[in-house]
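Undergrad: turn this into a model:
(one chain, ligands or ions: 3)
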Amino acid sequence: MAVETVRVGLEERAYDILIGSGVRERAAELAYGRLLTVTDSEVDERYGEWIDTVIGADFKFIFPAGEASKTPVTVIDICRYAALEKYDRKSCFVAVGGGVVGDMTGFAAAIYMRGVRFVQIPTTLLAMVDSSVGGKTGVDIPEGKNLVGAFHQPQLVLIDPDFLKTLPGREIRCGLAEIVKTAMILDAELFAELERDPAGLVDAADFGRMARIIRRCCELKAAVVAEDEREAGLRAILNYGHTFGHAVEMLSGFSISHGEGVAIGMCAAAELAVASGTLSRAEADRQKALLQAVGLPVSLSRRFAVDKVVDVMGRDKKSADGRIKVVTVDRIGHAAVGQPPLEAIAAAVEAIYA
Ligand SMILES: NC(=O)c1ccc[n+]([C@@H]2O[C@H](COP(=O)([O-])OP(=O)(O)OC[C@H]3O[C@@H](n4cnc5c(N)ncnc54)[C@H](O)[C@@H]3O)[C@@H](O)[C@H]2O)c1
Ligand SMILES: O=C(O)C(=O)C[C@@H](O)[C@H](O)[C@H](O)COP(=O)(O)O
Ligand SMILES: [Zn+2]
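TA: Ligands and ions are numbered 1, 2, ... in the order given. Now for the predicted structure:
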């Protein structure tokens, strides 16, 4: 498979996303000073030998896999490890893993010695289509998801779809949630392509198709980030499904994963838009059918009380002047951002109870 390049056009912070089978081997050529690899326990179990031989960093920091590790303590531990091993300002951190590894490595790189370089080598579908691109880095705190973090762009992103061969089905589905999100907000054609054979996406057996979808998602996200790097306006659309989703993810104690929370959140956002008359029921149903076809959740258990969900949503980073901002879609491929009344938000949660 040929290597494709998507450029994230951010002037002095511009960088390339290289996509292709075998592209991970380019990690042997990284010329950004001394390298510190960061990964999680599960990725290390499968790819530790490859990391050691190909990237050949002086040291490797490994933390226990899972969202529960995405804390300020882990990030400080990465920084302490780097300090102990005398990494200097010219060093570079290399994230090998999913979104949890990428978000924390990027944040550690943003704050270690007030900023060092980092490279993203995503190994989950979600990280390939979304989290490795755009420079949002950070950690969770008990009060909410990603509430502590920084914008810090990588030097390079190496996306090798071969990593997907070992990715469990549940994680493929989580990546598909962000892909459906991207299609819903930006690309009706991509949405229709996903609808053509949703089950085939979960198998991820058609590597050519998956690589094209990954590339398209990266192109779409890169364009949004290039226009609005720090979420002053447009970039908020990438948060479709997230205001509801992050709340549900947190309240579940992360038994609902990020991708699953986003799927549930997109269903709530669609109900909100239908109720306010901006989205047709037919298009909301198409979204729901696609999510169901790839095996993602589309409803919420009643154990998540509506007032709790709305309360946690109030700590979302998009909130302003005490009002919650919600991203909706008014037709497939076109997003809008609004500040609906609390009653409408609560009604949208009620509407997706199982
Ligand atoms: N920064 C952003 O723009 C952005 C965008 C989307 C999501 N995120 C964040 O990303 C996180 C979710 O990322 P995720 O879904 O990748 O989760 P994750 O990083 O926890 O990875 C999921 C699981 O897959 C395992 N894994 C990774 N690669 C594997 C492989 N190739 N084979 C087998 N197992 C593998 C991991 O060890 C982990 O257990 C959330 O914290 C979310 O907030 C950030
Ligand atoms: O890159 C962005 O911008 C996104 O919003 C992408 C989201 O998929 C991602 O989950 C992001 O981390 C959420 O951002 P947050 O600002 O709500 O924490
Ligand atoms: Zn997300």
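Undergrad: which SS state does Ala31 fall under?
TA: With DSSP: H, G, I helix; E, B strand; the rest coil as the basis, Ala31 sits in coil.
Undergrad: ok, it - how many residues close by?
TA: By other Cβ atoms under 10 Å, 7 other residues sit near Ala31. Any C-beta I mention is one placed from the backbone N, CA and C, and that applies to glycine too.
Undergrad: next one: phi and psi at it?
TA: Note on Ala31: backbone dihedrals following degrees, to the nearest 10 are phi -120, psi 60.
Undergrad: swap in Val3?
TA: Phi and psi for Val3, reported as degrees, to the nearest 10, are phi -90, psi 130.
Undergrad: what of Ala110?
TA: phi -70, psi -30.
Undergrad: could you report the distance from it to Leu10?
TA: 15 Å (Cβ to Cβ, to the nearest Å).
Undergrad: which one of those two has more residues nearby?
TA: Using other Cβ under 10 Å as the criterion, Ala110 and Leu10 rank with Ala110 on top: 21 against 15.
Undergrad: look at that one and report its pLDDT.
TA: Note for Ala110: predicted pLDDT of 99.
Undergrad: now the strands for the stretch 151-300 of the chain?
TA: For the stretch 151-300 of the chain, the strands defined by DSSP state E, counting those that start in this stretch occupy 156-159.
Undergrad: quick check: residues of it near ligand 1?
TA: Residues of the stretch 151-300 of the chain lying near ligand 1 by Cβ under 6 Å from any ligand atom: 163, 166-167, 171, 174, 178, 258-259.
Undergrad: sort out for me which of those residues are in helices.
TA: Counting by DSSP state H, these place 171, 174, 178, 258-259 in helices.
Undergrad: ligand 2 next: which of the residues you listed are close?
TA: Restricting these to those near ligand 2 - Cβ under 6 Å from any ligand atom - leaves Glu178.
Undergrad: could you identify the most distant pair in the ones in helices among the residues of the stretch 151-300 of the chain next to ligand 1?
TA: Glu171 and Glu178 (11.6 Å; Cβ to Cβ).
Undergrad: and the lowest-mean-pLDDT helix or strand in the chain, what other elements does it pack with?
TA: Least confident helix or strand, the chain: helix 198-203 with a mean of 93, by mean pLDDT, DSSP states H and E. With contacts taken as 3 or more Cβ pairs under 8 Å, 6 or more residues apart in numbering; DSSP states H and E, helix 198-203 sits against helix 169-186, helix 207-227, helix 281-293.
Undergrad: OK, contacts around the closest residue to ligand 2 within the stretch 51-200 of the chain?
TA: The minimum distance from the stretch 51-200 of the chain to ligand 2, using Cβ to the nearest ligand atom, falls at Asn146 (3.2 Å). By Cβ atoms under 8 Å, 6 or more residues apart in numbering, the contact list for Asn146 reads 103, 136, 138-140, 246, 317.
Undergrad: most distant residue from the centre of this structure?
TA: The C-alpha centroid of the chain is most remote from Lys86, which lies 31.1 Å away (Cα atoms, centre = their mean).
Undergrad: part of a strand, is it?
TA: No - counting by three-state DSSP, Lys86 falls outside a strand, being coil.
Undergrad: what's the spacing between it and ligand 1?
TA: 28 Å (Cβ to the nearest ligand atom, to the nearest Å).
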